[in-house]
Each structure stands twice: as structure tokens, then as C-alpha cells.
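# have a look at this prediction, sequence included:
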Amino acid sequence: MYELKTKETDSSVIEFIESIDQLKKREDAFKLVDIFTEATGYQAKMWGPSIIGFGKYHYKYRSGHEGDAPIVGFSPRKAKISLYLTLGNEQREQLLNGFGKYTTGKSCIYINKVADIEIEILKNLIEQSTCLINELYPNQE
């Protein structure tokens, strides 16, 4: 049976951030915790060894695969900061106009540093993503 690797843990978010080697990345991680907390109203929790998540929901796919995931989150990786936000493609592209310097993957937005992006647009992305997950998966946390 498949075992999820990314689970909520009791690890300290502060200790994780303080363990980041790069000073600017550490500072950005603390800024992002404040931004995500303000935008969602959820406290930061560690998910696996390196994802800082906010809120939690339980999903179940038609295939039967199910699990828990953070509603939104980020990970201050060595190369770039990964932002985990769920938005419909059209809505996501519209909100990313004017966002700043970023690249995207299938479900992530990658930034080099917080100074490269517009904070108000990030807050909007977080809020929209949180609303979408709460609509898709009501009666959660």
C-alpha cells in the first residue's frame, strides 16, 4: 500500500527556518510565514521535513487514493522557494499578471526571493487558493 511521504509533523517551524544556511532565504521564510498566516488565518505547521503548510484538508480521488494535505504552503528550497497554491489555470494566470519574477511548474510557483514579487498579489493568490480548497473540500479543519 502506498504511504504518503508528506505528512503533518510536530517539528518546529521556527527551528526548521533557523536551520536554513542562507541568511536571505531564512529572512524570506519568516516573511512568508507572516504573509501566509495573515492571508489564511492558519498557523504554520511542518509537513514532511521541508514544507511549511497552513490549514489542512482531506482529499479522496476517484481512484481511491486519499490523504491529508496543507491547504497552502511553501518550501524554502536551496535553489528557489516553492509556493504551493491551488488555482484553476485561467484564474491563476490572471492573478499572476504583475506578480513579479517567477516560474511555474504543474502545481507550484517558484520564486528566488520575496523582494522579486508583489506581496499583495501573493496574498490574493493565497486567499483565492484557500477559498478554492475550502469549496472543493468543505467541512475541514
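Sure thing, it's come through.
# show the contacting residues for the nearest residue to I117 once chain neighbours are set aside.
Closest residue to I117 apart from its sequence neighbours, by Cβ to Cβ, 6 or more residues apart in numbering: G100 at 3.8 Å. In this view, the C-beta of every residue, glycine as well, is placed from N, C-alpha and C. Counting by Cβ atoms under 8 Å, 6 or more residues apart in numbering, G100 makes contact with I111, D116, I117, E118, I121.
# now, of those residues, which are buried?
With burial judged by 16 or more other Cβ atoms under 10 Å, the buried subset of the contacts of G100 is I111, I117.
# how about the helix or strand bottoming out on mean pLDDT in the chain: buried residues?
When the helices and strands of the chain are compared on mean pLDDT, DSSP states H and E, helix 89-96 comes out lowest with a mean of 76. For helix 89-96, a neighbour-count test (16+ other Cβ under 10 Å) marks R92, L95, L96 as buried.
# relative to R62, how far out is the residue nearest the centre of the chain?
The chain has G73 as the residue nearest its centroid, 1.7 Å off, counting by Cα atoms, centre = their mean. Using Cβ to Cβ, to the nearest Å, G73 is found at 25 Å from R62.
# which residues in the protein form strands?
Applying DSSP state E to the chain gives strands spanning 44-47, 51-54, 57-60, 66-69, 72-76, 81-84, 103-104, 108-111.
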